[in-house]
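with the input below, show me the fold.
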Amino acid sequence: MENEIFQLQYALDTFYFLVCGALVMWMAAGFAMLEAGLVRSKNTVEILTKNVTLFAVACTMYMVCGYAIMYGGDYLLSTITGDGVAGADEPATYAPSADFFFQVVFVATAMSIVSGAVAERMKLFAFLAFAVVMTGFIYPMEGSWTWGGNDVFGAYNLGELGFLDFAGSGIVHMAGAAAALAGVILVGARKGKYGPNGEINAFPGANLPLATLGTFILWLGWFGFNGGSVLATASVESANAVAVVFMNTNAAAAGGCILALITARALFGKADLTMALNGCLAGLVAITAGPDTPSALQATLFGGLGGILVVFSIVTLDKLKIDDPVGAISVHGVVGLLGLLLVPVTNDGASFSGQIIGALTIFGWVFVTSLVVFTVIKLVMGLRVSEEDEYEGSDIAECGMEAYPEFTKSS
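The predicted model follows:
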């Protein structure tokens, strides 16, 4: 009887892990649609190519070496073969290969954040070269110091210092934003974005319906992102925990959307759709570090804080001439830090000092290593497309096709 109960629990937890992993994989489609909607039409094919290929690169590099770096070589081997145990010395409560699948889609999410920030001017293969290093080494290293439980350079374990990140506000989102910031600094702003007298020129996205669809896809996928991080569902306790996480994830997204739209209306005098969309995502990022302990009202307020912050952050980065076409650095980086700092408000298992040390460690590692890698790529093959190719659009220059050929002059 006990064995039958264990087998049922094993099957249910494995199935839940796989479904949540599939939901997170669906976020790749959300990022692709969001970014395709927020870039200019002449760069649509190229940004879609980046998104689909980075996912493939992430899956492959994490299989080859990333998972081994993050969790250990033996653990990687047992995951691929389907033998062994998940979770070191304790008996597995789910299939180890399901854990690998769930983890690998998180890596792809971190890399997707970079693609939007450097859109419209970074070479396709320069970006993919960075994706190889980011997904195979940079992300797994900082993941090993947090979720992997290893020491940082043999000095300290972030978890022992009071650092807690339930589903990745810092480990995934802020890490992706740190890499994105390094890329944006080195590749520079798009031509014509900033005028000689400090003026900021708007480059409207080509397809706001597509961007809105992408946001809804991400909102849906986030239930797998946060809900799957409970790591189980086949008991009363874990099922209740999953329900709370789903509820709070949804509440935070709603709060972020509402307060971002109100903030944009107050600042600009108009209801800015792009700010509302980024507000939804900011709310989701803000709650990701700790969706298991707040009440629904607290989650809504946390998401709302993210929604307010992201509007001011996007405006501020523009004034600093940090050109981020989709607002990824603000949504995932600035609000990712906020999410980490909010955890101790409702969870006494985390400390503010631990959260700050963890945030500095993650950001410092990812930003510095990304800066080095981008610099090497710049020296070897160049980061930026030519001025002529940028003017014509990356679609023709990099991919030899257009997303909307019927609507272009060349047709």
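
wait, Ala252 sits on Ala282?
No - assessed by Cβ atoms under 8 Å, Ala252 is found out of contact with Ala282, at 9.1 Å. Placement of C-beta: from N, CA and C, glycine included.

what do those two both touch?
Residues touching both Ala252 and Ala282 (Cβ atoms under 8 Å, 6 or more residues apart in numbering) are 303, 306.

neighbour count: the two, which is higher?
Between Ala252 and Ala282, Ala282 has the larger neighbour count (other Cβ atoms under 10 Å), namely 38 against 34.

give the next helix or strand downstream of the helix or strand where that one lies.
Counting by DSSP states H and E, the element that carries Ala282 is helix 273-288. Counting by DSSP H and E, the next helix or strand C-terminal to helix 273-288 is helix 296-319.

next, the angle from that following helix to helix 273-288.
130 degrees (axes from the mean of the first three to the mean of the last three Cα atoms, to 10 degrees).

tell me, how many residues neighbour Gly382?
Count around Gly382 with other Cβ under 10 Å applied: 14.

tell me how far it lies from Tyr404.
According to Cβ to Cβ, to the nearest Å, Gly382 and Tyr404 sit 28 Å apart.

now do Leu48
Counting by Cβ to Cβ, the separation of Leu48 from Tyr404 is 12 Å.

more neighbours: which of these two?
Legend: neighbour count by other Cβ under 10 Å for Leu48 and Tyr404, higher for Leu48 (19 against 14).

tell me the confidence at that one?
In this model, Leu48 is scored at 98, pLDDT.

which residues touch it?
Leu48 sits next to 32, 36, 403 when contact means Cβ under 8 Å, 6+ apart.

may I ask which of the residues you listed comes out lowest in pLDDT?
Ala403 (92).

got a list of what that one touches?
36, 41, 44-45, 48, 395.

kindly recompute the last result at 10 Å.
36, 39, 41-48, 206-207, 393, 395 (Cβ atoms under 10 Å, 6 or more residues apart in numbering).

now the buried members of those.
Among those, those buried by neighbour count (16 or more other Cβ atoms under 10 Å) are 36, 39, 41-48, 206-207, 393, 395.

where does this structure dip in pLDDT?
73-92, 408-411 (pLDDT under 70).

those helices in the stretch 151-300 of the chain, which residues are they?
175-187, 208-227, 236-268, 273-288, 296-319 (DSSP state H, counting those that start in this stretch).

point out the most buried one among the ones you listed.
Most buried of the helices of the stretch 151-300 of the chain, by mean neighbour count (mean count of other Cβ atoms under 10 Å): helix 273-288, with a mean of 30.
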